[in-house]
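Peer 1: Predicted structure and sequence below. I'll ask about it afterward.
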Amino acid sequence: MTEKTETTAPSDEFRERLLDAMLLQAAEKGWTKAAFDAAATESGLSAGQAMLAAPGGVADLLEALAQRAAGAAAARLAAPDIRAMKVREKVAAGVRAYLAALEQAKPAVRRAAGSPVNLLTGPKGVWIAADAIWSALGDKSTDFNWYTKRMILSGVIGSTLLVWLGTDGAGDVDAFLARRIQNVMDFETAKGRAREFASKLPDPLDLLGRKTPPSA
C-alpha cells in the first residue's frame, strides 16, 4: 500500500507559528535562509511543512508580517469609538495601529529594511497597509481615485515607518504622522480650490466663439 501524500493547502496555523519564530531569528540573523530554517526547527515544523506554509520562503513571511500588521490596522478601525472621528483621525488611528502591531518585532523589522527581498517597508508592504486602511474605512472610490488614495497613503505610511524605525520615541512618530497627514489635507484642499476656481472660468472656446477646437 502506497503512502498517502499530503495535498492540502498551506496551513495558516503553520505560517503563523513559523512567522512568530522567524521574528526572533531574524532579529539576530536577518531575513535569511539560515534564519528561516532555524525558525522552522524552533516552531516544530518539518522542512516540508515549513515550505507548505511559506512556499516562497523568506519573502512569504515578510508578506505575512505585512498582512498581519495591516489586519491589526483594519481591526482597530472597526472599533466603535472610531465612528465619531474625522477621516484624518481615522487614518491616523489606522497607521498607529499598524505600527503598534509591529512594535514587538521592531528589531526584525529593522533587519527587513535592508533585506533584498523586503516586502514590508517596500512599496508592496505599505500598499497592503494603505489598502487595508481605506477598505476598513469603507472607501467607495473607483478607478483613478481608488489608486490615488492608496498611493498617497502609501507615501504617508512609508515615510512614517522609516521615522518609526529610526527612533524609539512614540511622540516623535506621532508628531511626524500628524504633519504628513496635514500636508496631504492641505494639498487636497488646495487642489479642491483650484478645481472650483477653474470651474468658474469661462470656456476659452466660448471666448473664441466656437464650441469645438479648430481642425488641424
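Peer 2: Now that the structure is in, tell me what you want to look at.

Peer 1: Residue nearest the middle of the protein, spatially speaking?
Peer 2: Closest to where the C-alpha atoms of the chain average out (C-alpha atoms, centre = their mean) is Ala129, at 2.2 Å.

Peer 1: what's the helix or strand for that one?
Peer 2: For Ala129, the host element (DSSP states H and E) is helix 123-136.

Peer 1: Just the mean pLDDT for the helix or strand following that helix, thanks.
Peer 2: Moving toward the C-terminus from helix 123-136, the next helix or strand (DSSP H and E) is helix 143-166. Helix 143-166 shows a mean pLDDT of 90.

Peer 1: dump the residue contacts of the residue nearest to the centre of the chain.
Peer 2: Counting by C-beta atoms under 8 Å, 6 or more residues apart in numbering, Ala129 makes contact with Ala66, Ala69, Ala70, Ala73, Val95, Tyr98, Ser154, Ile157. (Glycine included, C-beta is placed from N, CA and C.)

Peer 1: wait, which of these is closest to Pro123?
Peer 2: Ser154 (7.0 Å; C-beta to C-beta).

Peer 1: The closest one against Lys124, yeah?
Peer 2: No - when contacts are counted by C-beta atoms under 8 Å, Ser154 is not listed as touching Lys124 (9.7 Å).

Peer 1: Can you pick out the residue with more neighbours from those two?
Peer 2: Ser154 (19 against 15; other C-beta atoms under 10 Å).

Peer 1: any idea how far that one is from Ala130?
Peer 2: 4 Å (C-beta to C-beta, to the nearest Å).

Peer 1: shaky segments in the protein?
Peer 2: Counting by pLDDT under 70, the ranges of the chain that qualify are 1-10, 121, 187-216.

Peer 1: can you map out the helices along it?
Peer 2: 12-29, 33-42, 47-53, 58-77, 87-102, 106-113, 123-136, 143-166, 170-200, 204-207 (DSSP state H).
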